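>>> sharing a model prediction with you, sequence too.
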Amino acid sequence: MKLAKNDFIEIEFTGKTKDNEVFDSNIKDVAKTINPNIDAKPFVFCLGQGMFLKGVDDFLIGKEPGKEYKIELKPEDAFGKREPKLIQLVPMKIFVEQKVNPVAGAMFNFDGRIAKILSVSGGRVMVDFNNPLSGKEVVYDIKVLKKLEDLNEKIKSLNEFLFKQDLKFEVQEKNLLMQVEKQMKPFIEMFKDKFKEIFDLDLVVEELVKKTEIKEAKSIGKKKESMEKESKKD
């Protein structure tokens, strides 16, 4: 059966540039050449939902599970073309305030945006906010291990992708009941439309009651019951 949008698949992949420089992989032996401490494992994602590179996403729709594919992508279908407007001058005082020393070639995180220092001259620093892979043609070797069929596995994998944790949930008819901590509830509820689109389930988010809160409630209940009994004696 051919793969379609909203199918969940498990893959092994390696991404490299045209000159064979590996920049990403979830295959253990390959991944450790990039980062010895990486925790490499098969990747599960939903097709057509922006969970992986769009060029790869588009290619896999209509293909078959259990096969290997080589996908060659132009910059516009991969990490985008290089944009001159993303090369900017940043005042040296920004680095001084953060107590860091900008050096040409170094990479820094600017409020979630990774940027490369191109040059340092006086009180000005030239910074490149383009993705390091922008403007490059890339190649992905992908093996589609399997297509997920179990609904609970699909929901679990989407939760891990979106929220980076394994959340407690239960499917009841057309509802998806999810228990989360109080501070997470508004954030989780932002994805109601996404769960509806993918699973055709209405997301119902409930606050998770902690064991300590249950114990406290029981303790208060016992005290109240004891006080009522004492008052009746009087």
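Good, I have the coordinates.
>>> for Leu177, give the beta-bridge partners.
Beta-bridge pairing of Leu177 under DSSP bridges involves Glu170, Val204.
>>> that one: what's it in contact with?
Applying Cβ atoms under 8 Å, 6 or more residues apart in numbering, we find Leu177 in contact with 169-171, 204, 206. C-beta: built from backbone N, CA, C; applies to glycine.
>>> what about the spatially most central residue of the chain, distance to Glu97?
Most central in the chain under Cα atoms, centre = their mean is Phe161, positioned 4.4 Å from the mean C-alpha point. Going from Phe161 to Glu97 by Cβ to Cβ, to the nearest Å gives 35 Å.
>>> related to what we said a few turns ago, three-state assignment of the residue nearest to the centre of the chain?
Under DSSP: H, G, I helix; E, B strand; the rest coil, Phe161 falls in the helix class.
>>> would you write a PyMOL line that selects the buried entries of the contacts of Leu177?
Here is the PyMOL command that selects the buried residues among the contacts of Leu177 (16 or more other Cβ atoms under 10 Å):
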select buried, resi 169
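>>> and the contacts of Leu177 as a markdown table, adding distance to Ile117 and pLDDT?
Formatted as a markdown table, the contacts of Leu177 follow (distance: Cβ to Cβ, whole Å; pLDDT from 0 to 100):
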| residue | distance to Ile117 | pLDDT |
| --- | --- | --- |
| Phe169 | 44 | 96 |
| Glu170 | 50 | 96 |
| Val171 | 50 | 96 |
| Val204 | 48 | 96 |
| Glu206 | 47 | 94 |
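>>> which two of the contacts of Leu177 have the greatest separation?
Using Cβ to Cβ, the contacts of Leu177 span at most 14.0 Å, a distance reached by Val171 and Glu206.
>>> could you give the bridge partners of the residue lying closest to Ala78 once chain neighbours are set aside?
In space, not counting the residues next to it along the chain, Ala78 is nearest to Val138; the distance is 4.7 Å by Cβ to Cβ, 6 or more residues apart in numbering. Beta-bridge partners of Val138, counted by DSSP bridges, are Thr17, Leu73.
>>> distance-wise, check Val138 relative to Lys70.
From Val138 over to Lys70 the distance is 11 Å, taken as Cβ to Cβ.
>>> which one of these two has more residues nearby?
Counting neighbours by other Cβ atoms under 10 Å for Val138 and for Lys70 shows that Val138 has the greater number, 23 against 9.
>>> can you read off the pLDDT for that one?
We note a pLDDT of 97 for Val138 in this prediction.
>>> I figured it hits Lys18, correct?
Yes: counting by Cβ atoms under 8 Å, Lys18 is a contact partner of Val138 at 7.2 Å.
>>> ok so, going back, how about the residue nearest to the centre of the chain, what does it touch?
44-45, 51.
>>> what about the helices in this structure?
All helices of the chain, identified by DSSP state H, fall at 28-34, 54-60, 92-97, 151-163, 185-189, 192-199, 211-233.
>>> return the member of the contacts of Leu177 nearest to Glu189.
Nearest to Glu189, judged by Cβ to Cβ, of the contacts of Leu177 is Val204 at 9.4 Å.
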